[in-house]
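Asker: Have a look at this prediction, sequence included:
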Amino acid sequence: MSYHPLHDPDDIPLQLVSQPQSHNDNPTGMNSSLEDYSPSSRVMSNRWRWRLVRSYGPDWVITIALAATFFLLDYVPGFKRDFSLEDTSLRHTYAVHERVPPLALYMICGVAPFVLQARDQLAHYSLLSYTLAVLLGLSITGAITQFSKITVGRPRPDVIARCIPIAGAADPPLGLSTAAICTQTDSAIMRDGWRSFPSGHASLSFAGLGFLSFYLAGKLHLFDQRGHTPKAWLAVAPLSGAALVAISRTMDYRHHWHDVLAGSLLGLVVSYFSYRQFYPSLASELSHYPYPHVFKRGGDILPTHRCPPLSSAPLTQIEQQGYQQDYRDHNRDSLANDDLIQDTLSTEAPRQAKDGVTA
């Protein structure tokens, strides 16, 4: 059996890779008995899906740990840089009510990506890949952002208004002022006053909505060299929302523009990183599919994202059932996807034979 090295979605059964067929025939290349969705077959499919969920265990552990780090670091006092009472960039008014409060931020970066793609009929492993990719990007971004905030300790533009310096306070003749001159009794306001760099609102909004932009670009095949302007607008729209959230932080005098720019770049880079962990390149013909399932097989220490290696045991009936079900889920609306897969496989077959990649 030839081995298919592309980023092929594993809803294409291995039998299809070795024997491309027309969609008028059995599209999976499996035994026709698997087409009969009897009660026992449905039980097998459920077992396969549960095994799929468990195979992503390490991903969930890391994601949850990073998310916990993000929230726990918020209570760490952190470093507080010295500042000058004469620095006009630090003498802005403290805004009690923010334009985008934390709850709204979490809705925008964490809920909006799921709501806006809810109409997309995702197969089980596709939904799992999408969920993990979004949460992984947000948790990585949040952890990096919080760690940077507490170690850099840059004063916010409204830090002097937060501090409420003692009457008659002035900078030392040969130095700068410290937090010791502050009379603010609210520890949360004080602690947050030295967490300007980078902007958490900017980084998280670009992490969540940035991922949605990449996802839409892949689904719409934005880079198919056909120049459809509506697709470009749809893909960029989430980034516009993230930019508005980031800009609002300068309007509230919560951040300097450098903080917003750094946070935006951080969120965008991490969102692309998390996207590529689960999805192929945006220029790929299969950019609308996630990478194959993650299964731990044989003596592997960690799950693998590719088809089983040449030395692996053959697929179990449960795995075959899962492959077939997801194949049907992906192709129930149109046979165009099947045609694309067939074309891709047919063009790859001669190259694989030439390279001698066989089993």
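Answerer: Structure's in. What do you need?
Asker: quick one: buried residues of the strand or helix carrying S203?
Answerer: With secondary structure defined by DSSP states H and E, S203 is part of helix 200-219. Residues of helix 200-219 classed as buried: 200-219 (neighbour count, 16 or more other Cβ atoms under 10 Å). Quick note: C-beta positions are derived from backbone N, CA and C, even for glycine.
Asker: D87: what's it in contact with?
Answerer: Contact analysis of D87 by Cβ atoms under 8 Å, 6 or more residues apart in numbering lists nothing.
Asker: Start and end of stretch 100-114, how far apart?
Answerer: From the first residue to the last, stretch 100-114 extends over 20 Å; the measure is Cα to Cα, to the nearest Å.
Asker: Can you point out the buried residues in it?
Answerer: The neighbour-count criterion (16+ other Cβ under 10 Å) identifies V100, L105, I108, C109, A112, P113 as the buried residues of stretch 100-114.
Asker: and the gap between M107 and T88?
Answerer: When distances are taken as Cβ to Cβ, to the nearest Å, M107 and T88 turn out to be 35 Å apart.
Asker: next structured bit after the helix holding S203?
Answerer: Following the chain from helix 200-219 toward its C-terminal end, the next helix or strand by DSSP H and E is helix 229-251.
Asker: so I144 touches V270, yeah?
Answerer: Yes: I144 is in contact with V270 according to Cβ atoms under 8 Å; the separation is 7.3 Å.
Asker: Now the common contact residues for the two.
Answerer: When contacts are counted by Cβ under 8 Å, 6+ apart, I144 and V270 have S203 as shared neighbours.
Asker: Those two: which has the busier surroundings?
Answerer: The residue with more neighbours, out of I144 and V270, is V270; 26 against 20, by other Cβ atoms under 10 Å.
Asker: any idea which element the closest residue to that one other than its chain neighbours lies in?
Answerer: The spatially closest residue to V270, leaving aside those adjacent along the chain, is T141, at 4.6 Å (Cβ to Cβ, 6 or more residues apart in numbering). Secondary-structure assignment from DSSP H and E places T141 in helix 124-152.
Asker: Show me what the next helix or strand after that helix is packed up against.
Answerer: With elements assigned by DSSP H and E, the helix or strand that comes after helix 124-152 is helix 159-163. On a contact count with 3 or more Cβ pairs under 8 Å, 6 or more residues apart in numbering; DSSP states H and E, helix 159-163 meets helix 187-192.
Asker: Count the residues that sit near S89.
Answerer: The criterion is other Cβ under 10 Å. On that basis, S89 has 12 neighbouring residues.
Asker: same deal with V134?
Answerer: Using other Cβ under 10 Å, V134 has 25 other residues around it.
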